[in-house]
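In: next come a sequence and a model predicted from it.
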Amino acid sequence: MKLSPSFKQKIRGIVVGGKVLSEPGELYCYSYDATRMSFLPDLVVEPFSARQVADVVRAALEEGVPVVPRGAATCATGGPLPVSGGIVLSLTLMNRILEIDPGSRLAVVEPGVVNGDLQAAVEPYALYFPPDPSSFRVSTIGGNIAECAGGPRCLKYGVTKDFVRGLEVVFPDGRIVDTGPYGSLRWPESALIGLVVGSEGTLGIVTKAYLKLLPIPAATRSVAATMRTISQVGEAVCEIFSAGLVPAKLEFMDGFAMRLVDDVYKVGLDREAAALLLIEVDGDPQGVEEESAQIEAICHKVGVSRLQIARSVQEAELLWQARSMLSPSVSRSADIKINEDIVVPRGRLAEALQLIEELGQRHHLRVVNYGHAGDGNLHTSFLLDNDPEQKRQAEAAVSELFRLVLRLGGSVSGEHGIGLTKVKYLAWETGEVGVTAMRKVRDALNPGMLMNPYKIFMEPGADAIQRDQRLT
Amino acid sequence: MYKVIQPTTADEIAELLRSAQSKGTKVAVWGGRTWGQLLPDEETAPDILLDLSRMNRIRSIEKDNLLARVEAGVVTAAVRTAVAGEGLFYPPDPTSLETSTIGGNIACAAAGPHQLKYGGTRDFVMGLEVVLPSGERIRTGANTQKSVAGYDMTRFLIGSGARFGLVTSAILRLLPKPQYREIVLCAFLSSSAGVSAALAVMKNGMTPAAMELLDGRCLEVDRDAWASLGIARRSVGVAESLLLFELDGVEASVVGQRAQIERLCAQQGGAVVVTLSDPNTGTQALELRRRLLIRLMAAHPIWAMAKVAVAPEQFLAAWAPDTSPTVPCGQGSGCLCCFAHAGTGVLHLFAGTDPARGPEEDGALTRTRTVLRRLQGVGGTLLGIYGPARHALGEAEAIPSRLAEALTTIQRSFDPKGVMLP
Amino acid sequence: MLLDRDKLNACVQCGMCLTSCPTYRELGVEMDSPRGRIFLMKLVQAGRLEPDALFARHMYLCLGCRACETVCPTGVPFGSLVDAAREVIEQNRRLPLVTRLVRDLAFRHLLPHQARLRLLGMLLRQMERLGLLTLARRIASGRLREALRLLPDLSARSFVPGDVATTAPGSARRGRVALFWGCLAPVLLPNVQQATVTVLRSYGYEVVVPEGQTCCGALHLHHGLRDDAQALARRNLAAFDGAGNEAIIVNAAGCGAALKAYPELLRGTTEEGCANRFRIRVNDLAEFLALLPGPPQSASLKETVTYQDPCHLAHGQRVRSEPRQLLKAIPGLEFKEMPEAERCCGSAGIYNLLHPELSLFLRQAKIDHAVATGARIMVTANPGCQLYLQAGIREKRLDVEVLHLAELLVRAYGTRPGG
C-alpha cells in the first residue's frame, strides 16, 4: 500500500520525541518475527507516549491504514507481522517502569519494558513477576500481555492474565481507557482486561500495565528425576498432586531430547532414559524442606532410575541447565525445527506422548517432546532435514497433531497464541459458533479490522494476500 | 407480572431464548437468592424469570485432570464439599457460598478471602457452556488452565451478569487439597495495631491463604460466638480489631507461618493470639466471618455499604480518630463498621443507620462519606455501593464512556432485540 | 559471495540476541540489533538490498563485542558475519580522501611496523616531557582529542624483545613459550608486556619473542580489509613457525581472538594447514596459567579486586572462569564480581574514536559498576579496554586502578621485573 507523503508528514508531526522510520533497509528490519515469514510494512513508528499511540491509531484509521503493534517480536506465531503492509507500531521506546509500590505488591510499567528488566528492577524489594516465558530476557510486558505468556512458574502461580491488575488501552479508534490498578476488581473493566490479555493486539494496544507482583520465595529446592518409562511421568505428576502438593515448576523432557542435549553438551544424561522430570518447590524454608522430601519419596515410589537433588542456587542451576541447553541442542541437530505449542489435560499427558511418538513414526519424522508437565503444556518439535518430502510430511503431521490434541480434550495453543500460523485451527477447537462469537467482539472493538489484520481469524483473501506480500 | 421458569437442561434454555428473540420477550435470570440480588421490580420488568436452581448437578470431578464440570445452579458450598471428598480443593470462597450458586458467582465475578493467595471465581473457571441470547450454544475456554486460542471469552463473560448470554455450566479448576490448615486469630487493642500487623505480614513476604481484618464493632454483632473461640472484647467503647488468618500448606510450612505471625502480632503490643488447628473450630471462625454481613444487616435494617479498593497502607485512613467514635453502636447515631480483605486492599465500610434519623443527619452515613472521600483522596477506588441507603453515599463511579460504548455495541451484536436483562 | 549463506541461515530470527546487544539496548532500533543486522545481510546477499550508506551505518555501529554469540541458540557466528559485511561495504564504496589516507597511514604504514611504532612512541614521550601533549589535548578537538586522551602515562620506554632475560632463578624450568606482543601494546603499555614475561618466567617458562611477528590484523579484518589481514596473518604464521611447537601466549583479548581465527581467515588458501597448526598453540595468558599448578610460593595481595571481561576473551574465546580462578587463588585478595562484567566497556578497537557517545556511555556504566563493588583495582585482559578505562578513571579522578591481569599477578607474586 502506498502511503501519501502528507500522511507520513502527519505521522511525523505526531510522533515528536519518538521515531519514524521509512528507509527500505529500516522497513525490512520490522518485517519479521521469530517465524520464517516476513512482510514489508510501509512505515515504522515508535511513539513516546500513550497520547502519541492514540493519535497515530486515529490518523491511521482515518486513512484506512492498518496498524500492527510490535514488541520485541520474539513471537513464534506471526503476531507482529504486517501482512497487508501499513504501519508497524513498535512499543519498544515506551520502556519506562513508572512505579513500584512494594506495599501493594504493584508495578506500573509501559509496554516496552523487557520482562527480565522488570524482574531485575523489583528484585531489590524482594519481589518478582512470576510469568517467566523462555523469552523473558528479551520479550516485552506488552508482548507478554498480548499473548498471555506462560512459562514454567505458571503451574503454581498462574499466567500473565492472573497478574494484570489494570491496563491502559488504546482502542482501535484511538480512544484511551485507563482502568487504574483496581481494574480487575471491577466490572466492566475486568471484562476489558480479560479480553485484551491474550488478544494478540487485535482489540487494542496496551500503553500501560498495572502488574501484580509476588514476594520472592524465601527458599527453593530442585529435584531432577530420570525415568525409564513415559508412563512413570504421568504417575509421578499424578502422585505429586494427589499428595496435596503443587510444585512451582514441573518440567520434563523426553528421552530423545535428553540424548540430543547429551550429544551436543556431554553433560552425562542417561541415554537409556525415557524422560527427565525437573521439579522445583518454593516457599518458606521449613515447608520447602518438607515438600521436597515428600517429592523425593514419591519419585522413589514411582521408581525413578536416578534422582538428583540440588540444595543450593548453584546446584540448582546445574540441574536445570539440561533444560536450557535443550533449545540450542535441538536447533543444532536439524536443518529445520518446527515447534508446536499444545496443551492436554494433565491426566492425559502420558497418553499424549505415546500418541505423538506414534505420529512421528507414521510420518517418518524425528519428534522431540518437552515442556510443562504439571499443566499438560507440551512443546512438540519436529526435526527435519532440508528435504521437500519431509516438509510435506511435517505439514500433515502438524494437522494430525492438533486433531490428536483436541481429541484428548486439549487446546491448540498453550502459550504462543494463534497469530497468523494457527488461524485455520481455531475453529477446530472452538467450533464455528465460538469463532463467530469472538468475531462479534472483534468487530465491535475493531471494525474494519484495521488493527493487526489477518490475525487469529480466517479472512477472505488472506491466502492471496500472504502469497503476494510475503518476502521470505 | 413475570412468569418463573425452572429449566433443567441447556437445550430448554436455548429453545426459550430462541423464541424470546423472535417475540421480543424480556428475560431475567435468578440465581441463589443471595443477599446482593434483589427481586425484579417494576423498573426491570421482565416477562420471564429464569430460575436455574434445578440445574444443579455436579456432572463430574476429574481428579487426574484437576477439574470439575458443574451446572450453573449448583450451590458453591456443595461443590467445595464434593471436591473435598476427592482430596481436592475449589478455592473461591465468596462469603455467600452457602447459598449462592456457581452461576451466580460467575455472573458477578464473586471472590472472597482466598482472593489473597488463590484468587476468586475468575481465576478458577477454565471454561463455560453458554446459551447466547440468540439461542445458540457455545463453549468458551478449555479443559486446561493454559490456553490461548482466540479471545478469553470466559473472562469476558465472568462478571457480566446475563448481558451477553446465560451460563449453563462451567469447567472449574481445582487444586490438590492442602495437607494441613490452620486458622489463627489475633485480637488487638486498637484498629491501627491490627492494620500495622497486617502490613507487617505482607512486608515479610508472607502470603496467607486469607487475612481478614475486622474492627471492634464487627465483633459486637456476634460477641458471644467470638468469645467462645477465645476472643473477648476487653471493654465496651475501646476500639479494637481482629485479624483472622487462614494458613495452609504442608504442616511444617503452616507451623512456620504461624510462628512468624505470632511474632509479628506480638510486636504490636497487647495482642492476643488464638490458634485454631481443630478443623471444627477453624470452620466456626470462618463461618463467623462469613455471616458478618448478614448479622450486620439484621442489626441495622436501613444500611449502606461501600466497597473500596485502596493500597493496604492507606487502610488507617478508614480508622482515623474522627471516624471512630467512642459512642458504641446502636445508641442513637448509627454505626460505622469496617472490615477488609487486608492483603488485597479491599475494604468494606458498613454504615448501619438509625432509622429515626434521615440520611443527611445520620452520623454513620456522614462519617462514611468522610472516610470515602479521604480514601479516594489517597488513590482509593470505589468498587460498589450497596444497601437500601446506598444513595446517601453518593454515586458509583461512572464507567468510562468508551468502554460503555464498546460493551453496548458488543451487547447489541449478541442480543439485537435486547432480550436479556442484566 | 563474501556473505556465507549457510552462516546467515543459521539465524532463525528468534530474537534472543536483542537484549544482550549494547547497541540495541541504547539505540533501540531493530537495525542495530544482531538479528536486524543479519536480516540486512541476508537481503544484501540475496541481492534485494544494496550495501548502501544505511547498510554501512548499521554494520559499523556494531561494537563487534559478540555478546550475541554467547546467547544465540543456533550458534550463528555473528562476529565473522559482520566482518564479511564490512568487506562487502568497503568493496562497494570509496571513503573520502582524507579518511582513506588516515586509515591507510595507520593501518598499513604504522601498525604493521614495530620500528615505526617505537619511533612514534619516542616522539610522544618527548612531547609529553615537554608538555606538548597537554597542550595538544587542550587545543585539539573531536576525534584527535579523544585519541590523545587515550594515551596513558608514557614515562616508561617501549618494551623491546631484548628486555627479555632467562628463566627466573629459583623456579624449575617447565618449558618455553613464545610471546605474541601485538603492535601498540609494547609502545603504550610496556609494563603489561614486561609483567607478562615476568609472570611466565615465575611459573618456570622461558619466553621467546619471535622476530618478524607483526600486528595480528584484527583491526584490518574488522574494517573490511580482509586482504591486509591475510597478509599480516601470513607474516605471523611465518614468524611463529620457527623451532618448536611451544605455546603461543597472547595477553590481548582482541589479538587472541584474531589469532585463533586465522584458520578461518586463510580457509581455502595454501596456508590453511599452517594456520590450523598455529591456532592450536595459541593461548590467552589466563587460559595458559590456569592449567598450571599455582600460584608460586609467596603469593599474596591484600586488595579488593574486580574483573572486567574483555569481549573478545569472554564472548570471542569463551574464556571467563580462568582469570577469575587466578585472582581468587591469591591469598588475601578479596574478589568482588561486578554486575554486567561481560558487557562491552565501549572501547571496541577504534569504535570509541568513531562513535564516542555510545562508547562513553558504556564506559561510564562499566566504571560505575566497578566502583559500586568497592574494589580498588579493576583487572582486565585487553590493552584496548585497559587504555579506555584508564582514561575514564583519570577523567573522573577516581580512586580505582585499572590493571592488566599480568600486572596484578606480578604484584601478587612479589616477583621483581627482571627476575
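Out: Right, received. Where do you want to start? Numbers count the residues shown, from 1 in each chain, chains lettered A, B, ... in the order given.
In: and residue 140, what pLDDT?
Out: Assuming you mean chain A. Looking at A:T140, its pLDDT is 97.
In: think we crossed wires, I meant chain B
Out: So B:T140 comes in at 95 (pLDDT).
In: is it true that it touches B:G150?
Out: No. Applying Cβ atoms under 8 Å as the test, B:T140 and B:G150 come out as separate, 9.3 Å apart. Bear in mind the C-beta positions are built from the backbone N, C-alpha and C, glycine included.
In: quick one, which of these two is more surrounded?
Out: More neighbours surround B:G150 than the other of B:T140 and B:G150, with 30 against 27 (other Cβ atoms under 10 Å in any protein chain shown).
In: what helix or strand is the more buried one on?
Out: Assigning secondary structure by DSSP states H and E places B:G150 outside every helix and strand.
In: just list the residues touching it, thanks.
Out: A:I418, A:L426, A:T430, A:G434, A:V435, A:M438, A:I456 (Cβ atoms under 8 Å, 6 or more residues apart in numbering or on different chains).
In: give me the distance between the second one and chain B.
Out: Spelled out, it's A:L426. 5 Å (Cβ to the nearest Cβ, to the nearest Å).
In: which neighbours do B:T140 and B:G150 have in common?
Out: Joint contacts of B:T140 and B:G150 (Cβ under 8 Å, 6+ apart) are A:T430, A:G434.
In: residues near C:P190, how many?
Out: Look at C:P190: counted by other Cβ under 10 Å, it has 20 neighbours.
In: which parts of chain B are helices?
Out: Taking DSSP state H as the test, the helices found in chain B are B:10-23, B:76-85, B:102-107, B:153-157, B:191-203, B:216-220, B:223-228, B:251-266, B:279-290, B:292-299, B:363-377, B:401-414.
In: got the contact list for the residue of the stretch 101-250 of chain A found nearest chain C?
Out: Distance from chain C to each residue of the stretch 101-250 of chain A (Cβ to the nearest Cβ) is smallest for A:V138, at 4.8 Å. The contact partners of A:V138, taken as Cβ under 8 Å, 6+ apart, are A:A72, A:T74, A:V114, A:G116, C:G15, C:M16, C:L18, C:T19.
In: quick check: residues of the stretch 201-350 of chain A near chain C?
Out: Counting by Cβ under 8 Å from any Cβ of the partner chain, the residues of the stretch 201-350 of chain A lying close to chain C are A:S327, A:P328, A:S331, A:R332, A:K337.
In: just among those residues, which is most surrounded?
Out: Neighbours here mean other Cβ under 10 Å. Within those, the largest count is held by A:S331, at 22 neighbours.
In: quick check, pLDDT for that residue.
Out: Per-residue confidence (pLDDT) for A:S331: 82.
In: separation between the closest residue to C:P190 other than its chain neighbours and C:N251?
Out: Spatial nearest neighbour of C:P190, excluding adjacent residues (Cβ to Cβ, 6 or more residues apart in numbering or on different chains): C:F159 at 3.8 Å. Separation of C:F159 from C:N251 (Cβ to Cβ, to the nearest Å) stands at 11 Å.
In: ok, now A:Y30?
Out: Separation of A:Y30 from C:N251 (Cβ to Cβ): 43 Å.
In: what is the neighbour count of the residue nearest to C:P190?
Out: Neighbours of C:F159 using other Cβ under 10 Å come to 24.
In: what sits against it?
Out: C:W181, C:A185, C:P186, C:V187, C:P190, C:Q193, C:Q194.
In: so who does residue 410 touch?
Out: No chain in the question, so chain A it is. Counted by Cβ under 8 Å, 6+ apart, A:G410 has contacts A:I342, A:V343, A:V344, A:P345, A:R348, A:A352, A:G376, B:A142, B:N143, B:T144.
In: ah, I was thinking of chain B
Out: For B:I410, the contact set (Cβ under 8 Å, 6+ apart) comprises A:K440, A:V441, A:A444, A:L445, B:F164.
In: what ranges do the helices span in the stretch 151-300 of chain A?
Out: For the stretch 151-300 of chain A, the helices defined by DSSP state H, counting those that start in this stretch cover A:154-157, A:189-196, A:230-242, A:255-265, A:285-302.
In: nearest to B:T353, of these?
Out: Proximity to B:T353, assessed across these by Cβ to Cβ, is greatest for helix A:189-196 (30.3 Å).
In: out of the contacts of B:I410, which one sits closest to chain C?
Out: Chain C lies nearest to A:L445 out of these, by Cβ to the nearest Cβ, at 28.5 Å.
In: give me the neighbour count for B:P355.
Out: For B:P355, the neighbour count with other Cβ under 10 Å is 12.
In: show me the helices in the stretch 101-250 of chain C, by range?
Out: With DSSP H, counting those that start in this stretch, the ranges of helices along the stretch 101-250 of chain C come out as C:114-129, C:132-139, C:142-150, C:185-188, C:190-202, C:218-221, C:226-240.
In: now the residue nearest the centre of chain C: phi and psi?
Out: For chain C, C:G254 is the residue whose C-alpha lies nearest the centre (Cα atoms, centre = their mean; 2.7 Å). As for C:G254, its main-chain torsions (degrees, to the nearest 10) stand at phi -60, psi -40.
In: wait, doesn't it sit right on C:D284?
Out: No. Taking contacts as Cβ under 8 Å, C:G254 lies outside contact range of C:D284: 10.8 Å.
In: any common contacting residues for C:F159 and C:N251?
Out: Common neighbours of C:F159 and C:N251 (Cβ under 8 Å, 6+ apart) are C:A185, C:Q193.
In: the closest residue to B:V310 other than its chain neighbours: neighbour count?
Out: Spatial nearest neighbour of B:V310, excluding adjacent residues (Cβ to Cβ, 6+ apart): B:G380 at 3.4 Å. B:G380: 24 surrounding residues under other Cβ under 10 Å.
In: for B:G380, give me its contacts.
Out: By Cβ under 8 Å, 6+ apart, the residues touching B:G380 are B:V308, B:A309, B:V310, B:A311, B:Q314, B:L347, B:L372.
In: now the residues you listed in JSON lines, with pLDDT and neighbour count?
Out: Shown next, in JSON lines, are the contacts of B:G380 (pLDDT from 0 to 100; neighbours: other Cβ atoms under 10 Å in any protein chain shown):
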{"residue": "B:V308", "pLDDT": "92", "neighbour count": "26"}
{"residue": "B:A309", "pLDDT": "93", "neighbour count": "23"}
{"residue": "B:V310", "pLDDT": "92", "neighbour count": "25"}
{"residue": "B:A311", "pLDDT": "90", "neighbour count": "18"}
{"residue": "B:Q314", "pLDDT": "85", "neighbour count": "20"}
{"residue": "B:L347", "pLDDT": "92", "neighbour count": "25"}
{"residue": "B:L372", "pLDDT": "89", "neighbour count": "20"}
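In: and those, which two are furthest apart?
Out: Among the contacts of B:G380, B:A311 and B:L372 lie farthest apart (Cβ to Cβ), at 15.5 Å.
In: give me the domain ranges for the chain.
Out: Unless you meant another one, I'm taking chain A. Domains of chain A are assigned by automatic domain parsing as A:5-90, A:97-215, A:217-332, A:334-416.
In: that's the other chain; I wanted chain B
Out: Residue ranges of the domains in chain B are recorded as B:3-176, B:180-290, B:293-393, according to automatic domain parsing.
In: can I get those in TSV with distance to C:L154?
Out: Output for the domains of chain B, formatted as TSV (distance: least, Cβ to Cβ, whole Å):
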stretch	distance to C:L154
domain B:3-176	63
domain B:180-290	56
domain B:293-393	60
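In: of the ones you listed, which shows the lowest average pLDDT?
Out: Per-stretch mean pLDDT for those is lowest at domain B:293-393 (a mean of 81).
In: let me see the contact set for A:F136.
Out: With Cβ under 8 Å, 6+ apart, A:F136 has these contacts: A:N115, A:G116, A:Q119, A:G151.
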